[in-house]
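>>> Predicted model, plus sequence, below.
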Amino acid sequence: MTEVTPDELSGRLQADGDDVLVLDIRHQADYDEWHIPNSVNVDVYDELQDDPETARDALEDLPEEKEIVTVCAAGVVSQTATDVLREMGYDAATLTDGMNGWSRVHRSAPVETDLDGTLVQVARPGKGCLSHVLISDGEAAVLDPSHYLDEYDAILEEHDADLVGVFDTHAHADHVSGGAELAERHDVPYYLHPKDALAIDATPVEDEATIEVGTVDVDVIHTPGHSEGSVSFDLEGEALLTGDTLFHESVGRVELGVEAGIEESDVEGNAATLYESLQRLLDRPADAVVLPAHDPEAPEPPVTATLGDVKAQNADLNRDREEFVETLASDIPDHPPNFERVKRTNVGQEDVPDDELSELELGPNRCAAE
C-alpha cells in the first residue's frame, strides 16, 4: 500500500505543490461542501465501489508528470483509486485517512506585534480553525486549542515556556476543544466564561478581568451574541482575539446555541446582543491585530488584519442596529456538521469517546453569519 500522510502532503503543498495533483474521488456534492484547496474532483466514487475497472475512462486524462494523491472521506475507497491508477501507469498514492486525516493537519507561524513576548498562531486548514499561543517571560497561555494537544506541547517545548493557563473564547460549535484536557495535563487553570461552562470544571473569566501571562496583560471583554459566554481577549491593545464574535469579513452567527438546546434566548435577542458586543470592540486601537478563532478558507498562518482594515471591509459592521438584527436573524446559513453534539461536548453536557472525536467534527467550518 502506497500512502502519503496528511503532514507530508501539507508540507509539499506549502513548499510548491507543482509536482503533486490531489485527486478527490468523492461525490461532487461532498467535494463542493469541503475539500483540500487546489484539489480536483473526478466523481468516480460509485464506480470504484461497484466495479473499479469502470473508473478507468474518467481517470485516463490525468497528467502523467505529477504524482497523484487520491482522497476520499477516510482513505478506503481512495486506496482503490490508487490501485487502479497504478495499474494504468500513474505514480499514485493515497492520503492516509482521507479528509479525516487532512482535518488533523496543523500549521503555525508567529504574529507580528509589539508585545513583550511572542504570539504564535496555529492554523488547522482542514477545519478553518485558528488558535493562539502567547509566550512571555518564560510563561505561556494557549487560546482556543484543538483537541490535538501535542501540537501545543511542541510549541511550548520549542520556546522553553511553562504553560500557566488555557483559554477558550467560547464553547465552540464546529470542533471539540482541547482546552480542559490541556489544562489538566499541565495542572493549570482552564478559563471559560460561566455562561458557557454549563457542566464543565472551569475557572470563570469575568468581564474586565485581567490575567497576566509573563509580562503581558490579557484583558477579558464579555462579548456575548454568538454564544452567551463568548469573550474576546485584548492583549495590551496590540492584539484582539475575538473568537467567533468578529471575523475579518463577517461576524458570528447567532442561532447555534439556541438550536442546540443549551440557550434559552432567541435568535433576534442574540443578534441584538451581538450588535452591542461589537460596539465594545470597535473603539479599540485601529492598528490592533484582529485574530478570530476561525477562517473558513483553509487558513495559512498568520491570518491577520488590523481593526481599521476590518472596519473598512466588513459589511456587517456598517449596518445599523435594526438592519443588523434583521439580517442575522433571517439569513441562516447551513449548520456546521454535528454542531449540537459538538456544542454539548464543549459545555460539558456530553462525553464523546476519544476514538469518535475526529469523525464527530469532520466537515467545513460554518461559524460565520455569512
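Received the coordinates, thanks.
>>> Domains in the chain, by residue range?
3-102, 107-360 (automatic domain parsing).
>>> Tell me which of those domains sits most buried.
domain 107-360 (a mean of 20; mean count of other Cβ atoms under 10 Å). (Glycine included, C-beta is placed from N, CA and C.)
>>> Compute the distance between residue 127 and residue 295, please.
Residue 127 is 10 Å from residue 295, where distance means Cβ to Cβ, to the nearest Å.
>>> Quick check: neighbours shared by these two?
Among the neighbours of residue 127, those also in contact with residue 295 (Cβ atoms under 8 Å, 6 or more residues apart in numbering) are residue 365.
>>> Can you name the residues bridging to the residue most central in space within the chain?
Centroid check for the chain by Cα atoms, centre = their mean gives residue 129 as the closest residue, at 1.3 Å. Counting by DSSP bridges, residue 129 forms beta bridges with residue 124, residue 294.
>>> Report the separation between it and residue 118.
20 Å.
>>> Distance from the chain centre to the helix or strand that contains residue 153, please.
Using DSSP states H and E, residue 153 falls within helix 150-158. Remark: helix 150-158 is offset 18 Å from the chain centroid, using Cα atoms, centre = their mean, to the nearest Å.
>>> Let me see the ranges of the helices in this protein.
6-15, 28-33, 45-50, 56-59, 77-87, 98-102, 150-158, 179-186, 256-259, 267-282, 307-313, 321-330, 339-346, 354-360 (DSSP state H).
>>> could I have the fourth one exported to PDB, CA atoms only?
Listed next in PDB are the C-alpha coordinates belonging to helix 56-59 (Å, rounded to 0.1, in the frame of the first residue of the first chain):
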ATOM      1  CA  ARG A  56     -10.600   4.000 -15.900                       C
ATOM      2  CA  ASP A  57     -12.200   6.100 -18.600                       C
ATOM      3  CA  ALA A  58     -12.800   9.000 -16.300                       C
ATOM      4  CA  LEU A  59      -9.200   8.800 -15.000                       C
END
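>>> give the contact list for the nearest residue to residue 160 once chain neighbours are set aside.
Distances taken as Cβ to Cβ, 6 or more residues apart in numbering put residue 138 closest to residue 160, at 7.3 Å, once the chain neighbours are dropped. Shown in contact with residue 138 (Cβ under 8 Å, 6+ apart): 160, 161, 162, 214.
>>> coming back round to it: OK, contacts around the residue nearest to the centre of the chain?
Residue 129 touches 123, 144, 146, 174, 175, 293, 294, 365, counting by Cβ under 8 Å, 6+ apart.
>>> Ramachandran angles for the third one?
Here the main-chain torsion angles of residue 146 (degrees, to the nearest 10) amount to phi -80, psi 180.
>>> can you pull the contacts of it?
With Cβ under 8 Å, 6+ apart, residue 146 has these contacts: 106, 122, 124, 127, 129, 131, 175, 176, 177, 178.
>>> Which one of the residues you listed is nearest to residue 357?
Nearest to residue 357 out of the contacts of residue 146 is residue 176 (Cβ to Cβ; 5.3 Å).
>>> could you check the distance from the closest one over to residue 149?
12 Å.
>>> And residue 69, by the same measure?
27 Å.
>>> low-confidence ranges in the stretch 251-370 of the chain?
The stretch 251-370 of the chain contains residues with pLDDT under 70 at 370.
>>> ah, wrong one, I meant the stretch 1-150 of the chain
For the stretch 1-150 of the chain, the ranges with pLDDT under 70 are 1, 17.
>>> what sits against residue 195?
Taking Cβ under 8 Å, 6+ apart, one finds 224, 227, 228, 229 in contact with residue 195.
>>> Surely the last one and residue 172 touch.
This points to residue 229. No. Counting by Cβ atoms under 8 Å, residue 229 stays clear of residue 172, with 11.2 Å between them.
>>> sorry, back to before: biggest separation within the contacts of residue 129, which pair?
123 and 174, at 14.2 Å, using Cβ to Cβ across the contacts of residue 129.
>>> Could you find the closest non-adjacent residue to residue 108?
That would be residue 122: by Cβ to Cβ, 6+ apart, it lies 4.6 Å from residue 108.
>>> shouldn't that neighbour be in contact with residue 301?
Yes. Using Cβ under 8 Å, residue 122 is in contact with residue 301, at 7.0 Å.
>>> Now the common contact residues for these two.
107, 108, 130.
>>> and the second one, what does it touch?
If you count contacts by Cβ under 8 Å, 6+ apart, residue 108 has them with 120, 121, 122, 123, 133, 151, 155, 301.
>>> Distance check, the fifth one against residue 140.
In this structure, residue 133 and residue 140 are 6 Å apart, going by Cβ to Cβ.
>>> what's the answer for the last one, then?
When Cβ to Cβ is the yardstick, residue 301 and residue 140 sit 17 Å from each other.
>>> repeat for the first one
For residue 120, the distance to residue 140 (Cβ to Cβ) stands at 9 Å.
>>> hang on, isn't residue 178 packed against residue 145?
Yes. The criterion here is Cβ under 8 Å, and residue 178 meets it with residue 145 at 4.5 Å.
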